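Trainee: quick one: sequence plus predicted model below, questions after.
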Amino acid sequence: MGFCQTAVSKDKAVSLENAKAALVKAVGMGAELVVLGEMFSCPYATKFFREYGERFSEPLSAEACPSAKMLSDLAKEHGVWIVGGSIPELEGDKVYNTCLVFDSKGAVVGRHRKAHLFDIDVPATEGRPAIKFKESDVLSGGEQVTLVDLPWCRMGVGICYDIRFPEYALSMRGLGAKLLVYPGAFNMTTGPAHWSVLSRGRAVDTQAYVAVVSPARSEDKDDYQAYGHSLLVNPWAEVVVEAEHEPGVWVAEVDPAEADRIRMQVPTSFQKLGGLYVPYAARGAGDGAPEAKRPKL
Ligand SMILES: O=C(O)CCC(=O)C(=O)O
């Protein structure tokens, strides 16, 4: 499996060239499944999502959806599967944060629309810069659990903030996923604190491989500062590969049988006590707090 942590430019053509070069390099290093980061061809700011948005319709066209068309062509040319990071997707007057998955013939075989939108407001404290982001100002959320049957195993797909929701990961796992892939773009506040622990946590919860792939950090301090640190975690929650924040390509082996082995050794999926648990996963349940106590973001 190949991880492409690429630089994002305001010039989409440059971002696409970066992604293409990384993909070709990953293929040359032996990857049969290649993953890109969240918004790999769009600067990460709500003001850009509509402007850089692409409309997907089959057959994919370079005018309407240049990023998707390029990935489809590359998948076909090199005979590899691609998890296409994410792209702002236009449908009607809505915008989604969408990950397309391409099979080795270039066909779109999966489409995940980020379900949990990144709306947070964290003030600055010592050693921790403030971060305020409100994707829901522009984006609509997806409503589906996304699974793709790869030649090797079933894969679940989420995007970035989706990783904070164990219920989503457990849904993918319950539906048979042995590999969870999350294109993401954490920041310099939550990234150092949570990126690795969330990835390892989801691996423990699901006894699956977890791959999280980020864009590289921008050298321009005025841009969104992605944390980088693309990671592969195995079903024993060990970090197999971890990048730093610069552009790069990494390739590592995923062995789906390892998920089977760990699931037999620590058989938590057979030991769940459904009747014991509070139905916390209900939409907007919070901590049982009344609506008035919800934070206004
Ligand atoms: O959950 C976080 O801290 C960051 C999430 C994020 O950057 C995103 O969803 O794009």
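Mentor: The structure has been received and is ready for your questions.

Trainee: contacts and neighbour counts: CA atoms only from here.
Mentor: Fine.

Trainee: quick one, helices of the protein?
Mentor: Assigned by DSSP state H, the chain shows helices spanning 12-28, 46-49, 66-78, 166-174, 190, 196-206, 256-265.

Trainee: CSV for those helices, including distance to V108, mean neighbour count and mean pLDDT?
Mentor: Shown next, in CSV, are those (distance: least, CA to CA, whole Å; neighbours: other CA atoms under 10 Å; pLDDT from 0 to 100):
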stretch, distance to V108, mean neighbour count, mean pLDDT
helix 12-28, 17, 19, 98
helix 46-49, 22, 16, 96
helix 66-78, 8, 21, 98
helix 166-174, 19, 19, 96
helix 190, 32, 15, 97
helix 196-206, 26, 22, 98
helix 256-265, 23, 15, 98
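
Trainee: what are the ranges of the strands in the stretch 101-250 of the chain?
Mentor: Assigned by DSSP state E, counting those that start in this stretch, the stretch 101-250 of the chain shows strands spanning 108-113, 119-122, 131-134, 146-149, 154-157, 179-183, 209-213, 231-233, 239-242, 248-251.

Trainee: including distance to the ligand, could the helices of the chain go into JSON lines?
Mentor: Shown next, in JSON lines, are the helices of the chain (distance: least, CA to the nearest ligand atom, whole Å):
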{"stretch": "helix 12-28", "distance to the ligand": "18"}
{"stretch": "helix 46-49", "distance to the ligand": "10"}
{"stretch": "helix 66-78", "distance to the ligand": "19"}
{"stretch": "helix 166-174", "distance to the ligand": "13"}
{"stretch": "helix 190", "distance to the ligand": "5"}
{"stretch": "helix 196-206", "distance to the ligand": "9"}
{"stretch": "helix 256-265", "distance to the ligand": "26"}
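
Trainee: these: which one's closest to D222?
Mentor: Closest to D222 of the helices of the chain is helix 46-49 (CA to CA; 14.2 Å).

Trainee: distance from that closest one to the middle of the chain?
Mentor: Computed by CA atoms, centre = their mean, to the nearest Å, the chain-centroid distance of helix 46-49 equals 18 Å.

Trainee: and stretch 112-131, by the same measure?
Mentor: Offset of stretch 112-131 from its chain centre (CA atoms, centre = their mean): 16 Å.

Trainee: neighbouring contacts of that stretch?
Mentor: Contacts of stretch 112-131 with the rest of the structure, by CA atoms under 8 Å, 6 or more residues apart in numbering, involve 96-100, 132-136, 139-146, 157-162, 188-189, 297.

Trainee: try 6 Å
Mentor: Stretch 112-131 is contacted by residues 97-99, 132-135, 141-143, 146, 159, 161-162, 189 when judged by CA atoms under 6 Å, 6 or more residues apart in numbering.
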